[in-house]
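Engineer: requesting a structural model of the entry that follows:
(2 chains)
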Amino acid sequence: GNSVTQMEGPVTLSEEAFLTINCTYTATGYPSLFWYVQYPGEGLQLLLKATKADDKGSNKGFEATYRKETTSFHLEKGSVQVSDSAVYFCAAFPMDSNYQLIWGAGTKLIIKP
Amino acid sequence: NAGVTQTPKFQVLKTGQSMTLQCAQDMNHNSMYWYRQDPGMGLRLIYYSASEGTTDKGEVPNGYNVSRLNKREFSLRLESAAPSQTSVYFCASSEGQSSNEKLFFGSGTQLSVL
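Structural biologist: Model prediction:
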């Protein structure tokens, strides 16, 4: 069946460190892929998306590249800030989906000054 | 621009009690969704409504009912709450008729069932 797997958290980094949050998927065909972010006390917000192989989504200094060969969509940022502390969710919309996004479990990111 | 508004933010129920979670969006979106979020798990879809007047079951519909009252409002009802329904509930909306596009989320309802 369809699934999305994210690295377990929490991930704790110092300010200005390089960030990678791993995400891999199992899904029918070539799904659209998403990263959503949830700041403390808020609902989720779309961070970036990619709809086909080799697409790179980017926003707010974050990037993720759709890798068909490794079925991955890892989130990266070159220099994190304290304000990036949040929970990050990877999600996939499979081609055989009936309105349903498939969500990863979320990865909590903690950035220390 | 309020976006998606959910009420209440917090609720404590006793087993067997009923309640309705309210959700409204002011973006003229066609689709609305109810999700639950549990620790260590991704969001799970409870029900969705692709357009006014239609509702469909998601992944975990048991124990819940929904009403798409009009294009703006989509409510979630627990008829007889159970401890297994302790969770954080999110309402979301999207412009089209699919979640394969940007979802806009409310800030959530934290529900505890004792």
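
Engineer: which positions in chain B make contact with chain A?
Structural biologist: Proximity of chain B to chain A is confined to B:4, B:31, B:40-45, B:48, B:50, B:56, B:58-59, B:90, B:92, B:97-100, B:102-103, B:105-108 under the rule C-beta under 8 Å from any C-beta of the partner chain. In short, each C-beta sits where N, CA and C put it, glycine included.

Engineer: tell me the buried residues within those.
Structural biologist: B:4, B:31, B:42-45, B:48, B:50, B:58, B:90, B:92, B:97-100, B:103, B:105-108 (16 or more other C-beta atoms under 10 Å in any protein chain shown).

Engineer: just the residues you listed: which are in strands?
Structural biologist: B:4, B:31, B:44, B:45, B:48, B:90, B:92, B:105 (DSSP state E).

Engineer: OK, contacts around the last one?
Structural biologist: This means residue B:105. With contacts defined as C-beta atoms under 8 Å, 6 or more residues apart in numbering or on different chains, residue B:105 is in contact with A:43, A:44, A:45, B:4, B:90, B:91, B:92.

Engineer: and the first one, how far is that from chain B?
Structural biologist: The spacing between residue A:43 and chain B, counted by C-beta to the nearest C-beta, to the nearest Å, is 3 Å.

Engineer: residues near residue 70, how many?
Structural biologist: All of this is about chain A. 8 (other C-beta atoms under 10 Å in any protein chain shown).

Engineer: to clarify, I was referring to chain B.
Structural biologist: 10.

Engineer: that one belongs to a strand, doesn't it?
Structural biologist: No - applying DSSP: H, G, I helix; E, B strand; the rest coil, one finds residue B:70 to be coil, outside a strand.

Engineer: spatially nearest residue to it, not counting backbone neighbours?
Structural biologist: Setting aside the residues directly before and after it, residue B:70 is nearest to residue B:52 in space (C-beta to C-beta, 6 or more residues apart in numbering or on different chains), at 6.3 Å.

Engineer: that neighbour contacts residue B:72, correct?
Structural biologist: No - in this structure, residue B:52 is not within contact of residue B:72 by C-beta atoms under 8 Å, at 9.1 Å.

Engineer: who's more crowded, these two?
Structural biologist: Per other C-beta under 10 Å, whichever of residue B:52 and residue B:72 has more neighbours is residue B:72, with 17 against 14.

Engineer: quick one: that one and residue B:32, what's the gap?
Structural biologist: 9 Å (C-beta to C-beta, to the nearest Å).

Engineer: give me every residue that touches residue A:20.
Structural biologist: A:74, A:75, A:76 are the contacts of residue A:20 under C-beta under 8 Å, 6+ apart.

Engineer: can you flag the buried ones in those?
Structural biologist: The neighbour count (16+ other C-beta under 10 Å) marks A:74, A:75 as buried among these.

Engineer: the strands in chain A, which residues?
Structural biologist: A:3-6, A:11-14, A:19-21, A:23-26, A:32-38, A:44-50, A:56-59, A:62-65, A:75-77, A:86-93, A:102-103, A:107-112.
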